[in-house]
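Undergrad: Sequence and computational prediction follow.
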Amino acid sequence: MIMKILLANNVCYPYERGGAEEMVRYLAESWSEAGHRVIVAALAPGGHKINEIRNQSSLYQTVYWSSNYYNLSNISQWRRFIWHLPDWLGFRNYFRWRKILKKFKPDIVVLNNLTGLGFQVHHLCCRLGIPSVQVVHDVQYLQPSGLLLLGKEEALVNNWLARGYKTLTEYWLKPAKVLISPSQWLMDFYQHHNWLKDNCWLKLGNPLKIHLSSAYRLPNQLRQALFVGQLTSAKGIDWLAGQWSDFNKLLLAAGLPEASLTIIGDGPLLPYLSREASLDNHLRLMGRLEHDMVLDQLKMADVLIVPSFCYENWPTILLEAASSGSLAVVVSHGGAKELAEALGYLTFEAGNLNSLFNAWSQLSLAAAKLTYWPAGEGVELMTPNDYLTKILQNIS
């Protein structure tokens, strides 16, 4: 059956940031190739000429709405609060949504990250008799920033503002026919906080255009580590870079070779990391790279390190590492731990250098006996068509 599908995510080509954006693009392309008519709604930075933005694919249409969402990190906390109010109160882009829903008349609406797009979309769909689905990628419906740091969990229940925000997001997203989480951890997290606990929830991994390896490369000696991600404290890169000299001392004391750390990404810590790299010749800062170049670096690295101090949901970089046949060492909390263990990767305690060293040592010992590290078998990647079928089965 040929369908009209409206996809939405606040960030889209050419402003990609992470896994949700890759997934939306892949779904749009694949569903269009299957014959469905697809429109993607997304945000463009304020001041950009919307009509000059082009899709990489001509198969589907992308509707861009100008927004200051991309500038949020550069404004004060109070101004961010004011900026979020139209989302929370349900009138941001209200008439734009009503126009596109009435004109396009989609058979189904699949919504992803809604910050900046407007939280009221599910209510509009419900009034128009259009089934809508919400894919939850992080904790943004309990915490506006989408970031939850280790040790800050109680702020979600002890803060009256957080409780008020939770009430608002419950109201706006309750009409969703299905709530989808890529990880069991994130689904459990929301339900633990009684957020839309009675709605229909599905655990469906993000469809991605990759194939997982059956085993990972295990070089004779581990010498090249890699970090890929946003250069923020929440991602743990300042801790990792700041501790790298001490980490190499631990390696030398254990009779292991020193290792270099290559850092790929962009963000507010770029100046700090540039200074650190100038003082330590074992640090190499490459900045932001195109996706194909990131994959090339994964293939060359001995170990990917994911040192996040925030709770991650389903880090796409782990799947890309597994697809490249690369080893990884990952923090032992949240959805990152769940995905890492399913892929057969080792974990360590965030912020604990000895714990990271122990995982590294375990891989080094294995390298003396094995030529490869066995991959896990706990991840089943869905095709876009299977993903759509699962959704349709649960909204009928």
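TA: Sure thing, it's come through. Residues are numbered from 1 along each chain as shown.
Undergrad: For the stretch 101-250 of the chain, which segments count as helices?
TA: Taking DSSP state H, counting those that start in this stretch as the criterion, the stretch 101-250 of the chain carries its helices at 121-127, 155-158, 160-173, 184-192, 237-253.
Undergrad: would you turn the ones you listed into a markdown table with mean neighbour count?
TA: Just so you know, the C-beta spots here come from the backbone N, C-alpha and C atoms, and that holds for glycine as well. What follows is these, written out as a markdown table (neighbours: other C-beta atoms under 10 Å):
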| stretch | mean neighbour count |
| --- | --- |
| helix 121-127 | 20 |
| helix 155-158 | 13 |
| helix 160-173 | 16 |
| helix 184-192 | 18 |
| helix 237-253 | 17 |
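Undergrad: among the ones you listed, where is the model least confident on average?
TA: Mean pLDDT is lowest for helix 155-158 out of those, coming in at a mean of 69.
Undergrad: what sits against the residue nearest to Asn113 when sequence neighbours are not counted?
TA: Spatial nearest neighbour of Asn113, excluding adjacent residues (C-beta to C-beta, 6 or more residues apart in numbering): Asn10 at 4.8 Å. By C-beta atoms under 8 Å, 6 or more residues apart in numbering, the contact set of Asn10 is Ala42, Leu43, Ser67, Tyr69, Asn112, Asn113, Leu114, Thr115, Gly116, Leu117.
Undergrad: Buried members of the residues you listed into PyMOL, please.
TA: Selection of the buried residues among the contacts of Asn10 in PyMOL, burial being defined by 16 or more other C-beta atoms under 10 Å:
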select buried, resi 42+43+67+69+112+113+114+115+116+117
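Undergrad: okay if I get the contacts of Asn10 as a markdown table plus pLDDT?
TA: Shown next, in a markdown table, are the contacts of Asn10 (pLDDT from 0 to 100):
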| residue | pLDDT |
| --- | --- |
| Ala42 | 95 |
| Leu43 | 95 |
| Ser67 | 93 |
| Tyr69 | 90 |
| Asn112 | 97 |
| Asn113 | 95 |
| Leu114 | 96 |
| Thr115 | 94 |
| Gly116 | 94 |
| Leu117 | 97 |
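Undergrad: any idea which of the contacts of Asn10 is the one closest to Pro86?
TA: Gly116 (9.2 Å; C-beta to C-beta).
Undergrad: Wait, that closest one touches Trp88, no?
TA: No: the pair Gly116 / Trp88 is not scored as a contact, 11.9 Å apart, by C-beta atoms under 8 Å.
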